[in-house]
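Undergrad: Generate a structure from the sequence data that follows.
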Amino acid sequence: MGQKDTMDQEEIYSKVLRAGRRTYFFDVRSTKAGDYYLTITESKKFTHDDGSFHYKKHKIYLYKEDFSAFREIMEEMMDYIIDEKGSEVISERHQKDFKKEEESFSENGSPSESNFTDVSFDDI
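TA: Prediction:
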């Protein structure tokens with residue numbers, strides 16, 4: 001294992017945030033010069049039809065010289081989202097009991113009649 005691999009594995013301080021199928025890792029690491037930087041890793045679990053699974057990971061490296069601007073923009077973006085949409089999650093896909101419904105389509109690509117319910121205005 002090379003020196004870079006060894007240093008990349010050295011974690012000074014870590015926190016984990018589990019969020020459904022996603023897990024976020026916040027890791028303080030050390031540079032070759034002995035300074036610290038932050039890595040933020042998103043790991044998302046994907047399950048195959050046969051029951052096996054794999055993870056996709058995305059990583060951000062954040063260095064001290066960028067902390068102030070990063071924090072400012074991150075707070076601005078989060079405040080904007082909360083101000084515009086509130087803090088309640090409105091997507092049913094984020095609910096723990098969400099199950100994707102399979103739509104059936106006819107041969108011409110339009111939804112089949114079994115997806116529609118006949119409603120008479122007399123019923124209302």
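
Undergrad: Show the contacting residues for K59.
TA: The contact partners of K59, by C-beta atoms under 8 Å, 6 or more residues apart in numbering, come to T39, I40, T41, E42. C-beta coordinates here come from the backbone N, C-alpha and C atoms, glycine included.

Undergrad: What segments of this protein are helices?
TA: When assigned using DSSP state H, the helices of the chain occupy the ranges 3-9, 64-85.

Undergrad: hey, what's K57 bridged with?
TA: On DSSP bridges, the residues paired with K57 through beta bridges are S43.

Undergrad: hey, where'd the strands end up in the chain?
TA: In the chain, the segments counted as strands under DSSP state E are 11-19, 22-30, 36-47, 53-63.

Undergrad: how about these in JSON lines, adding mean pLDDT and distance to M78?
TA: Supplementary listing: the strands of the chain in JSON lines, determined by pLDDT from 0 to 100; distance: least, C-beta to C-beta, whole Å:
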{"stretch": "strand 11-19", "mean pLDDT": "94", "distance to M78": "14"}
{"stretch": "strand 22-30", "mean pLDDT": "95", "distance to M78": "14"}
{"stretch": "strand 36-47", "mean pLDDT": "94", "distance to M78": "15"}
{"stretch": "strand 53-63", "mean pLDDT": "94", "distance to M78": "16"}
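
Undergrad: Include distance to I90 when you put these into CSV, please.
TA: What follows is the strands of the chain, written out as CSV (distance: least, C-beta to C-beta, whole Å):
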stretch, distance to I90
strand 11-19, 16
strand 22-30, 18
strand 36-47, 21
strand 53-63, 24
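
Undergrad: Ok, which of those strands comes nearest E76?
TA: When the strands of the chain are compared for distance to E76 using C-beta to C-beta, the nearest one is strand 53-63, at 16.5 Å.

Undergrad: Go through the helices of the chain and find the least confident stretch.
TA: Among the helices of the chain, helix 3-9 carries the lowest mean pLDDT, a mean of 53.

Undergrad: Show the contacting residues for the closest residue to F46 other than its chain neighbours.
TA: In this structure, F46 finds its nearest non-sequential neighbour in H54, 5.6 Å apart by C-beta to C-beta, 6 or more residues apart in numbering. Shown in contact with H54 (C-beta under 8 Å, 6+ apart): K45, F46, H48.
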